[in-house]
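S.K.: what follows is a protein structure lacking sequence information:
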């Protein structure tokens with residue numbers, strides 16, 4: 001499969017998703033979920049970073065996202081992480097993933 005960019009843009013949840021669509025939906029859910037916010041699984045997702053210089057924040061967030069995606073959706077391989085920022089200093093990650101076709 002080609003590489004696909006996954007963002008935190010809201011999309012409705014497809015409870016019947018399967019294959020590549022399910023994997024991409026799971027990666028988006030990881031991006032949208034800060035650690036400790038899932039009631040039945042406090043360790044799920046990733047630990048966002050607050051109050052750090054932009055270059056340090058981007059490096060640490062990238063590492064944390066890669067670890068979380070490897071752990072919670074191993075069928076997706078992260079190939080690139082980039083960021084979009086806004087005027088308030090909010091960094092929004094854009095994760096490019098390749099889906100492991102052998103798992104489908």
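M.R.: Thanks, I have it. Computed from a prediction, not measured in an experiment: that's the story for all the values here.

S.K.: neighbours of residue 3, how many?
M.R.: Neighbour count of residue 3, defined by other CB atoms under 10 Å: 12. Placement of C-beta: from N, CA and C, glycine included.

S.K.: does residue 13 touch residue 22 like I think?
M.R.: No: between residue 13 and residue 22 there is no contact under CB atoms under 8 Å: 10.7 Å.

S.K.: out of these two, which sits in the busier spot?
M.R.: Using other CB under 10 Å as the criterion, residue 13 and residue 22 rank with residue 22 on top: 16 against 10.

S.K.: and the more buried one, what's its pLDDT?
M.R.: Note on residue 22: pLDDT of 94.

S.K.: residue 78 now?
M.R.: 96.

S.K.: let me see the contact set for it.
M.R.: The contact partners of residue 78, by CB atoms under 8 Å, 6 or more residues apart in numbering, come to 65, 66, 69, 70, 95, 96, 97.

S.K.: 7 Å - rerun?
M.R.: Contact analysis of residue 78 by CB atoms under 7 Å, 6 or more residues apart in numbering lists 66, 69, 95, 97.

S.K.: quick one: these as CSV, columns for pLDDT and distance to residue 51 too.
M.R.: Listed next are those as CSV, based on pLDDT from 0 to 100; distance: CB to CB, whole Å:
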residue, pLDDT, distance to residue 51
66, 94, 22
69, 94, 24
95, 96, 22
97, 97, 28
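
S.K.: from these, which would you call buried?
M.R.: 69, 95, 97 (16 or more other CB atoms under 10 Å).

S.K.: got the buried residues for the strand or helix carrying residue 22?
M.R.: Here residue 22, judged by DSSP states H and E, is contained in helix 19-32. Within helix 19-32, the residues that count as buried by 16+ other CB under 10 Å are 20, 22, 23, 24, 25, 26, 27, 28, 29, 30, 31.
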